[in-house]
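**Q** Could you look at this predicted model? Sequence included:
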Amino acid sequence: MSAPTVGSDQKVKIWANSGDSHYLEPEDLWHDLLPKELADRMPRAEKISDTEEIIHIDGNSFRRDLPSANRGVIKGEVRGEHVEGSLNEISHRPPGARDPIARLKDLNDEGIWGEVIYPSVGIWDFGIRSADLVREAFRAINDWRLENVQNVAPDRFVLVASVPLINVEDAVKEIYKIKESGYYAVGLPCDPPGDTDDFNSDYWEPLWSAMEETGLIAAVHLGTEKGGTRLYRGNGKGVLNYVETCYGPQRFLTKVVAGGALDRHPNLRVLLSEAGASWVPFIGDRMNEGYRQHGLWVRPKLSMLPKEIIYRQVYATFQHDVSAVDAAKSGYNNVMWGSDYPHLEGTFGHTQETLHELFDDVDPALKHRVTQGAFQELFPHIAPPPAA
């Protein structure tokens, strides 16, 4: 095809795959999918003022601030607090946030080809503590996502499935079901829900075995920590809360590496989305130091150093961070770009500007690896984007 252009300066469009994006579910979806007594217990938001809402999840509730409609519109301004999963519409939400056909037009305009697509409201689903509710709800939502979103563009959309994690037996059963139905990735929270053991426990060994056997990617998104992300008040709270969200995926990584899960399952691959990538080499160095310097107390013993395991099996996405490109230059080969469409902190409306700022002076092979190659390594069924 002829070389597409973008912008008044006629720069060639950079096509990229996105390792992090979201689909905004219909507001009353749960009442369409589940009996009323179950649907009423699923996550929902109750707006109580122009600046605050209450999130209700399976009998529990908590308050949270609402983003202002005018935040995040202009590239480069402070975008305010992290707003994963809000049910309230924001005035500049892209047309394809809920419509997969309109979404394809948005993506084509932005220069985005393949996408890993997480839920939006569904980010809160890991707060459910009832095994019966999460089992029925996740089975229903997984079927709905396939039929109504992924199957609209199976050559471009990679939907992230939900698994019930209140007990590991239910999780393993759903793993095999969703693999057979056509999923390629499974969403895991930063911390397991309820009172189950943490991810460094042997309790989860059947889960890791099932995921390795099926080849499903373990997709972990920030904002899924047990109890939610800590909320700061007062001066600097917007920046403080936004930065705080990055730490959950880092802790998940250290648990599955130091606990031995990835070492025991060398073909299990992990995608950490929206938490940046430049920290990955540092975390690897820090873990190596602990493993060597405190070796007398380290259990289990690993077959290689933690950083080697990370570099072999863990992928991480970023949106705007120049330091993430530097991490790729330094030898961390699994850096993956992500748009975070359609959220406030994403690149919608300025994707091409962002990609050119990040990659115009980068070696073409490295640019291809970060914008397309790492994604295609995880999801080889997604065809390459159109040639420039």
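**A** Here it is on my side, so go on.
**Q** show me where pLDDT drops low in the stretch 151-300 of the chain?
**A** 227-230 (pLDDT under 70).
**Q** Please enumerate the strands of it.
**A** For the stretch 151-300 of the chain, applying DSSP state E, counting those that start in this stretch gives strands covering 157-162, 185-188, 217-221, 270-273.
**Q** For the longest one, which outside residues touch it?
**A** Counting by CB atoms under 8 Å, 6 or more residues apart in numbering, strand 157-162 makes contact with 23, 100, 114-119, 122, 125, 138, 141-142, 145-146, 149-150, 174, 178, 183-187, 216, 219, 221, 379, 382, all of which sit outside it. For every residue, glycine as well, the C-beta is placed using N, CA and C.
**Q** ok, and for the helix ranked longest in the chain, which residues are buried?
**A** Ordering each helix of the chain by length in residues (DSSP state H) puts helix 131-148 first. Under the neighbour-count criterion of 16 or more other CB atoms under 10 Å, helix 131-148 has 133-142, 145-146 buried.
**Q** dump the residue contacts of Val314.
**A** Val314 touches 253, 257, 262, 269-270, 272, 280, 334, counting by CB under 8 Å, 6+ apart.
**Q** which phi and psi does it have?
**A** Phi and psi for Val314, reported as degrees, to the nearest 10, are phi -110, psi 130.
**Q** Okay, and the beta partners of it?
**A** Beta bridges link Val314 to Val270, judged by DSSP bridges.
**Q** Put the alpha carbons of stretch 140-154 into PDB.
**A** C-alpha atoms of stretch 140-154 as PDB (Å, rounded to 0.1, in the frame of the first residue of the first chain):
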ATOM      1  CA  ALA A 140     -20.900 -14.800  31.500                       C
ATOM      2  CA  ILE A 141     -18.600 -11.800  30.800                       C
ATOM      3  CA  ASN A 142     -16.000 -14.000  29.000                       C
ATOM      4  CA  ASP A 143     -18.700 -15.300  26.600                       C
ATOM      5  CA  TRP A 144     -20.000 -11.700  26.100                       C
ATOM      6  CA  ARG A 145     -16.500 -10.200  25.400                       C
ATOM      7  CA  LEU A 146     -15.800 -12.800  22.700                       C
ATOM      8  CA  GLU A 147     -19.000 -12.500  20.900                       C
ATOM      9  CA  ASN A 148     -19.400  -8.700  21.100                       C
ATOM     10  CA  VAL A 149     -15.900  -7.400  20.900                       C
ATOM     11  CA  GLN A 150     -13.100  -9.800  20.000                       C
ATOM     12  CA  ASN A 151     -15.000 -11.500  17.200                       C
ATOM     13  CA  VAL A 152     -15.700  -8.200  15.600                       C
ATOM     14  CA  ALA A 153     -12.000  -8.000  14.600                       C
ATOM     15  CA  PRO A 154     -10.200 -11.200  15.700                       C
END
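**Q** and for that stretch, what are the contacting residues?
**A** 23, 29, 33-34, 100-101, 104, 117, 119, 122, 125, 157-159, 161-162, 174, 177-178, 181-183.
**Q** hang on, the earlier thing: top of the contacts of Val314 by number of neighbours, please.
**A** Leu272 (29 neighbours; other CB atoms under 10 Å).
**Q** Wait, that residue touches Leu253, no?
**A** Yes - with contacts counted by CB atoms under 8 Å, Leu272 reaches Leu253, the gap being 6.5 Å.
**Q** in which helix or strand would I find Tyr118?
**A** Element membership of Tyr118, judged by DSSP states H and E, is strand 112-119.
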